[in-house]
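Engineer: Next come a sequence and a model predicted from it.
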Amino acid sequence: MKVLILGATGAIGFPAAKALVRAGYIVYGLARTPAKANLLAQEEIIPLLGDVESDVWLPLITTLDVIIESVMGADPTTLNAVGHSTFQRASKAAKELRAEGAALLTYIYTSGIWVHGDSRTEIVTDTTPLTRPAKLVAWRPAFEQRIARSTDVNGIVVRPSLVYGRKASLFAPLFDTAREGRVVWPGTPGGHYATIHADDLAELYLLVAQRASILGGKIIDATNPHTESVDEMLRKLVVVSGAKGPYEYRKPTSVFEEAFTTTPLVRPYLAHALLGWSAKQPSLIDGLETYYAAWLASRPV
């Protein structure tokens, strides 16, 4: 199997690429700089120097089995335009370049758990209708359906929750506040986070890619089976980091921070039912000392 990962050097794409390589597949990854291309090459991921807006990856579509789009970007508010443009270009190339009679190219799109929106009382699942997505991702439910219903590619959507572990991903700004001596975070007491370790998520992408032929049109929540108390996580971070307590909440200052204040009480079932997948890594709270130390080791001295 040949797989291209768009966003291969990111917190989601890089672990997924390494999992696919370990499984014996040929994996290509986009890299925007020679240094990042070298990082991919060290892990036996074939680097392509460029970004999603370049044409460097399009010729591969003639022989690829799977594309995993995990582009995150420094500015989350640009993901709407990037996601639509990338999918449109991939679909067009698949339709025009692939040989007649070839199997549909599988396109796995990375959405996110914030499409479920905020509710501290109502439990949601993979198939719960999306009626109140966070403002930052209000465009995503319709885009998910566009991918899932595509006739040009075999479209599959994976919705990761908040990724932790390794270099901390979305929790890096929080860990930064702790390192600076005071844990201060947007939100209000009583919230819960849906979370997933980077390695567990990588394993799920591997399974989805392997069984893509039976998953076309599916939208899968990628998250631990239980949410985690934000209050308890912040309290423990004060202890683990040695920051001055107590922790504090503040008002969000952007739509991204507003999204971070959402509580989705998610109970996923499709990943386990269809793929036999289950999370193996310790939860964010249980392994926080290890995860904070790993993040700290990744920071410049």
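Structural biologist: Right, received. Where do you want to start?
Engineer: low-confidence ranges in the stretch 1-150 of the chain?
Structural biologist: 73-77 (pLDDT under 70).
Engineer: That one: helices as residue ranges?
Structural biologist: Using DSSP state H, counting those that start in this stretch, the helices found in the stretch 1-150 of the chain span residues 13-22, 34-42, 79-97, 140-148.
Engineer: which of those sits most buried?
Structural biologist: helix 13-22 (a mean of 23; mean count of other C-beta atoms under 10 Å). C-beta coordinates here come from the backbone N, C-alpha and C atoms, glycine included.
Engineer: contact partners of that one?
Structural biologist: With contacts defined as C-beta atoms under 8 Å, 6 or more residues apart in numbering, helix 13-22 is touched by 3, 5-8, 27, 29, 40, 43-45, 68, 70-71, 166, 198-199, 201-203, 205-206, 209.
Engineer: Check stretch 141-159 too.
Structural biologist: Residues outside stretch 141-159 that contact it (C-beta under 8 Å, 6+ apart) are 80, 83-84, 87, 90-92, 94-95, 103-113, 115, 126, 130, 133, 204-205, 208, 212-213, 215-223.
Engineer: Pull it out as PDB, backbone CA atoms only.
Structural biologist: Extracted in PDB, the C-alpha atoms of stretch 141-159 (Å, rounded to 0.1, in the frame of the first residue of the first chain):
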ATOM      1  CA  PRO A 141     -20.100  19.400   9.500                       C
ATOM      2  CA  ALA A 142     -21.100  20.300   5.900                       C
ATOM      3  CA  PHE A 143     -17.500  19.700   4.700                       C
ATOM      4  CA  GLU A 144     -17.500  16.300   6.400                       C
ATOM      5  CA  GLN A 145     -20.600  15.300   4.500                       C
ATOM      6  CA  ARG A 146     -19.100  16.500   1.200                       C
ATOM      7  CA  ILE A 147     -16.100  14.100   1.700                       C
ATOM      8  CA  ALA A 148     -18.200  11.200   3.000                       C
ATOM      9  CA  ARG A 149     -20.600  11.400   0.000                       C
ATOM     10  CA  SER A 150     -17.900  12.000  -2.700                       C
ATOM     11  CA  THR A 151     -18.100   9.800  -5.800                       C
ATOM     12  CA  ASP A 152     -14.600  10.800  -7.000                       C
ATOM     13  CA  VAL A 153     -12.800   9.400  -4.000                       C
ATOM     14  CA  ASN A 154     -13.400   6.900  -1.200                       C
ATOM     15  CA  GLY A 155     -14.000   9.500   1.500                       C
ATOM     16  CA  ILE A 156     -13.600   8.800   5.200                       C
ATOM     17  CA  VAL A 157     -13.500  11.300   8.100                       C
ATOM     18  CA  VAL A 158     -11.600  10.900  11.300                       C
ATOM     19  CA  ARG A 159     -12.400  13.300  14.200                       C
END
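Engineer: before we move on, back to that, among the contacts of helix 13-22, the buried ones, what's the ChimeraX command?
Structural biologist: Selection of buried members from the contacts of helix 13-22 for ChimeraX, criterion 16 or more other C-beta atoms under 10 Å:
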select :3,5,6,7,8,27,29,40,45,68,70,71,166,198,199,201,202,203,205,206,209
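Engineer: From Asn80, how far off is the residue in the chain sticking out farthest from the centre?
Structural biologist: Distance from the centre of the chain peaks at Glu100, with 32.9 Å (C-alpha atoms, centre = their mean). Per C-beta to C-beta, to the nearest Å, Glu100 is found 33 Å from Asn80.
Engineer: show me what contacts the closest residue to Thr62 other than its chain neighbours?
Structural biologist: Excluding its sequence neighbours, the residue lying closest to Thr62 (C-beta to C-beta, 6 or more residues apart in numbering) is Leu97, at 5.0 Å. Counting by C-beta under 8 Å, 6+ apart, Leu97 makes contact with Leu58, Pro59, Ile61, Thr62.
Engineer: So which of those wins on neighbours?
Structural biologist: Counting by other C-beta atoms under 10 Å, Ile61 has the largest number of neighbours within the contacts of Leu97, with 21 neighbours.
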